[in-house]
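**Q** output the structure for:
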Amino acid sequence: MPKPCEHLQDLTAADFPPPRTPGACEECLKEGTRWVELRECRACGHVGCCDSSRGKHATKHFHEAGHPVMRSVMPGATWTWCYVHEAQGHLGQDASGS
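**A** Predicted coordinates for the structure are as follows:
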C-alpha cells in the first residue's frame with residue numbers, strides 16, 4: 001500500500017485561504033475565456049481552471065509558483081491534489097465539525 005502524501009494529510013477546508021476570485025478562474029477572467037471546473041491553491045488562494053479547461057491555469061500555477069496542493073472548489077467536492085506526488089486526498093472535518 002503506498003504511503004500517503006504528507007502534503008495532503010489531515011487537511012480541512014479551514015487550511016485553505018479565502019479564494020482570491022471565488023467562482024472564477026483568475027486568468028480566464030483576464031483572457032475572456034471559459035473554464036470547465038475550478039481549483040484553489042492551498043498556499044495563496046489562487047483560483048485556476050482544471051486540466052479539462054483550455055487554459056489549464058491551476059496546473060500552470062503549480063509550475064510557475066511551485067505550490068504543491070490544490071483542492072476542487074466545485075459544489076459538493078471534497079477532494080484535494082498534490083502535484084508533487086501526483087496523489088489525491090480528501091478534506092476532513094475541522095475541529096468545529098464543518
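
**Q** from residue 65, how far out is the nearest residue to residue 23 once chain neighbours are set aside?
**A** Spatial nearest neighbour of residue 23, chain neighbours left out: residue 38 (7.4 Å); criterion: C-beta to C-beta, 6 or more residues apart in numbering. Glycine gets a C-beta too; all of them are placed from N, C-alpha and C. Relative to residue 65, residue 38 is positioned 17 Å away (C-beta to C-beta, to the nearest Å).

**Q** picking that back up, and the residue nearest to residue 23, how many neighbours?
**A** Close neighbours of residue 38, defined as other C-beta atoms under 10 Å, add up to 26.

**Q** hang on, residue 70 in a strand?
**A** Yes: counting by DSSP: H, G, I helix; E, B strand; the rest coil, residue 70 falls inside a strand.

**Q** what's the neighbour count on it?
**A** Around residue 70 there are 26 other residues, counting by other C-beta under 10 Å.

**Q** specify the beta-bridge partners of it.
**A** residue 41, residue 81 (DSSP bridges).

**Q** list the buried ones in the lengthiest helix in the chain?
**A** Counting by DSSP state H, the longest helix found in the chain is helix 57-65. Going by neighbour count (16 or more other C-beta atoms under 10 Å), the buried part of helix 57-65 is 57-59, 61-62.

**Q** what about the residue nearest to residue 87 when sequence neighbours are not counted, which helix or strand?
**A** In space, and not counting its chain neighbours, residue 87 is closest to residue 5: 3.9 Å by C-beta to C-beta, 6+ apart. Assessed by DSSP states H and E, residue 5 sits outside every helix and strand.
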